[in-house]
Structures are given as structure tokens and as C-alpha cells.
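Chemist: output the structure for:
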Amino acid sequence: MWVSALGLLPALLLAVGGVQEYRAGGSVLWAAAGVGLVLVAVWVLVRDVRALRAARDGAR
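Modeler: Below you'll find the predicted structure:
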């Protein structure tokens, strides 16, 4: 789970960089790629948290 939680930080940094690149006149694909990375990182984090909770509840 910690890997997926830490993966959110670089995804956010890349998203911010993509938006800044777009605002500076770059392609909108930079911003879209950054947002896509954040969505994937959040999905992986949610998946890992659900698996951790299911394992914890199953151990009771």
C-alpha cells in the first residue's frame, strides 16, 4: 500500500507540470496525461486500501 500512496506524489507533480506546460502554450495532451496519471494513481491506491481492509476483515 505504501508504494501506491507514494506513487500519488509524483503523479501530482507531473500533473502540475503538465498544466503549467499547457498554460505556457504547450499541447493540451500534457495536461491530459498528467490528469490521467493522477486518476490511475488514485485508482491503484483505492484498490490497495480495499484489499488491505478485506484482508484485515477476513483475518478476524
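
Chemist: so where's this structure uncertain?
Modeler: 60 (pLDDT under 70).

Chemist: helices along that one, start to end?
Modeler: Using DSSP state H, the helices found in the chain span residues 2-23, 28-58.

Chemist: can I get the ones you listed in a markdown table with mean neighbour count?
Modeler: Where C-beta positions appear, they are placed from N, C-alpha and C, glycine not excepted. Formatted as a markdown table, the helices of the chain follow (neighbours: other Cβ atoms under 10 Å):
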| stretch | mean neighbour count |
| --- | --- |
| helix 2-23 | 15 |
| helix 28-58 | 14 |
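
Chemist: relative to D48, how far out is A54?
Modeler: 11 Å (Cβ to Cβ, to the nearest Å).

Chemist: again, but for V28
Modeler: Taking Cβ to Cβ as the measure, V28 falls 31 Å from D48.

Chemist: with V19 instead?
Modeler: 26 Å.

Chemist: again with A15
Modeler: From A15 over to D48 the distance is 20 Å, taken as Cβ to Cβ.

Chemist: for the residue most central in space within the chain, which non-adjacent residue is spatially closest?
Modeler: Nearest residue to the geometric centre of the chain (Cα atoms, centre = their mean): A41, 2.4 Å. Distances taken as Cβ to Cβ, 6 or more residues apart in numbering put A11 closest to A41, at 3.9 Å, once the chain neighbours are dropped.

Chemist: how about the contacts made by that neighbour?
Modeler: Neighbouring residues of A11 by Cβ atoms under 8 Å, 6 or more residues apart in numbering: 34, 37-38, 40-41.

Chemist: please repeat the previous calculation with a cut-off of 7 Å.
Modeler: 37-38, 41 (Cβ atoms under 7 Å, 6 or more residues apart in numbering).

Chemist: could I get those as JSON lines with distance to A59?
Modeler: Output for the contacts of A11, formatted as JSON lines (distance: Cβ to Cβ, whole Å):
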{"residue": "L37", "distance to A59": "33"}
{"residue": "V38", "distance to A59": "32"}
{"residue": "A41", "distance to A59": "27"}
